[in-house]
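Student: whatever this is, show me its structure:
(one chain, ligands or ions: 2)
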Amino acid sequence: MLIKRSPNGLDVPFSSEITPRAVFESRRHFMKQLAAGTLGSAALLELASREAFAQGVNPKLAGARNPAYSAMDKPTAYKDATSYNNFYEFGTDKSDPAQYAHTLKPRPWTVTIDGEVKKPLTLDLDALLKLAPIEERVYRLRCVEGWSMVIPWMGYSFSEIIKKVEPTGNAKYVEFTSLADKKQMPGVGSRVLEWPYVEGLRLDEARHPLALLTLGMYGETLPNQNGAPVRIVVPWKYGFKSAKSIVRIRFVKDQPRTAWNVAAPQEYGFYSNVNPEVDHPRWSQASERRIGEDSFFTRKRKTLMFNGYNDVASLYTGMDLRKYF
Ligand SMILES: Nc1nc2c(c(=O)[nH]1)N[C@H]1C(S)=C(S)[C@@H](COP(=O)(O)O)O[C@H]1N2
Ligand SMILES: [Mo]
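Tutor: Ligands and ions are numbered 1, 2, ... in the order given. Okay, here's the model as predicted:
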């Protein structure tokens, strides 16, 4: 049998089954069956495992989908997006964040925004939630390790923050710093990375409307393992550029020292744009495994330049992307 699919999977229609409303409806249906005693034991087990990871564990967060910035790919199951994570502050195994991130306290929380700005700000979570209308954006996320997910994030363009603080003429880069608290984060004692986790963007990259100040996903506030309560999501770059649980945002003159670049500069460049033509020194970046669709018959997907976000290409005109990888 020939299994047909497009080379990049972009033709997969968006499935509405992931909307909070549909999730709510199906759960209500399950509950009715449960009450009527018409569910078999296999279905009961399925219900139990679904409920353990179900939306609704975290406070709801509403936002209208922004279709202009949403991929048509089918979103990854919530269960997969919240149980297969990289968040080294909680350990290096993919299952560590889901297992240990419950010790993170996402409230109260403040983010300090300072450096080369005219109006430095310290914002608490409520201020962040009110700063601009929350949108839902379905983005592909491509990890440098060769796997990808599709996540309906909730948030607004980071440019909204930039407008509020008014960078000075000296600001050329933006540095994002994650929380590093040993009491809440058992992995922060380890030496895999320098703590705190720091990431950065050039100011014009940070201004691109796709760069998302992210406060939620799947219609709820961010689960701890996905970077509660606030993170950045930069969909055209490898996943590690999207720093989680951010406490400080600094506008600076010089290119920031970023965690992965410091740990292995020959492997992880400052730019780290998704680029199928520039291999990692230890593996190819030409294709990827989409989490949730691995099976004997599923071929790997081709990785797309800029993860398919071609609109960002103009940020890099004239740059040798092999040199600035
Ligand atoms: N603070 C912090 N942010 C981080 C990481 C991390 O270890 N610490 N891992 C990164 C990597 S490698 C990836 S692929 C994404 C994963 O995001 P997700 O778990 O929400 O899918 O988070 C990124 N942000
Ligand atoms: Mo990653």
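
Student: okay, CA-based contacts and neighbour counts for the rest of this
Tutor: Noted.

Student: just give the closest residue to the residue of the stretch 1-150 of the chain found nearest ligand 2, not the sequence neighbours.
Tutor: Using CA to the ion, Cys143 is the residue of the stretch 1-150 of the chain that sits closest to ligand 2, at 3.8 Å. Counting by CA to CA, 6 or more residues apart in numbering, Gly239 is the residue found nearest to Cys143 once chain neighbours are left out, at 4.6 Å.

Student: so that neighbour touches Glu145, yeah?
Tutor: No: if you go by CA atoms under 8 Å, Gly239 and Glu145 don't touch, sitting 9.1 Å apart.

Student: higher neighbour count, these two?
Tutor: Neighbour count, other CA atoms under 10 Å: between Gly239 and Glu145, Gly239 has more, with 22 against 15.

Student: next up, the contacts around the residue nearest to Cys143.
Tutor: When contacts are counted by CA atoms under 8 Å, 6 or more residues apart in numbering, Gly239 touches Leu141, Arg142, Cys143, Val144.

Student: pick the one among those residues closest to Glu277.
Tutor: Glu277 has its nearest neighbour among the contacts of Gly239 in Val144, at 13.2 Å by CA to CA.

Student: and the closest one, how far from ligand 1?
Tutor: 7 Å (CA to the nearest ligand atom, to the nearest Å).

Student: and the closest residue to that residue other than its chain neighbours, what pLDDT?
Tutor: Nearest non-adjacent residue to Val144, counting by CA to CA, 6+ apart: Tyr238, 5.3 Å away. At Tyr238, the model reports a pLDDT of 98.

Student: correct me if wrong: Tyr238 contacts Gly146.
Tutor: No: Tyr238 lies out of contact with Gly146 (CA under 8 Å); the separation is 9.6 Å.

Student: which of these two has more neighbours?
Tutor: Using other CA under 10 Å as the criterion, Tyr238 and Gly146 rank with Tyr238 on top: 23 against 18.

Student: OK, contacts around Thr214?
Tutor: Residues in contact with Thr214, defined by CA under 8 Å, 6+ apart, are Trp153, Met154, Gly155, Tyr156, Val230, Arg231, Ile232, Val233.

Student: the second one in helix, strand or coil?
Tutor: What that stands for is Met154. Classification of Met154 by DSSP: H, G, I helix; E, B strand; the rest coil places it in strand.

Student: how close does the one residue sitting closest to the centre of the chain get to Arg322?
Tutor: Centroid-nearest residue in the chain: Val233, 4.7 Å away (criterion: CA atoms, centre = their mean). Separation of Val233 from Arg322 (CA to CA, to the nearest Å): 23 Å.

Student: near ligand 1, which residues of the stretch 51-200 of the chain?
Tutor: Ala81, Asn85, Asn86, Phe87, Tyr88, Glu89, Cys143, Ser178, Tyr197 (CA under 6 Å from any ligand atom).

Student: now with 8 Å, please.
Tutor: Counting by CA under 8 Å from any ligand atom, the positions of the stretch 51-200 of the chain adjacent to ligand 1 are 81-82, 84-89, 92, 141-145, 149, 177-179, 196-198.

Student: what subset of these is buried?
Tutor: 81-82, 84-89, 141-144, 149, 177-179, 196-198 (16 or more other CA atoms under 10 Å).
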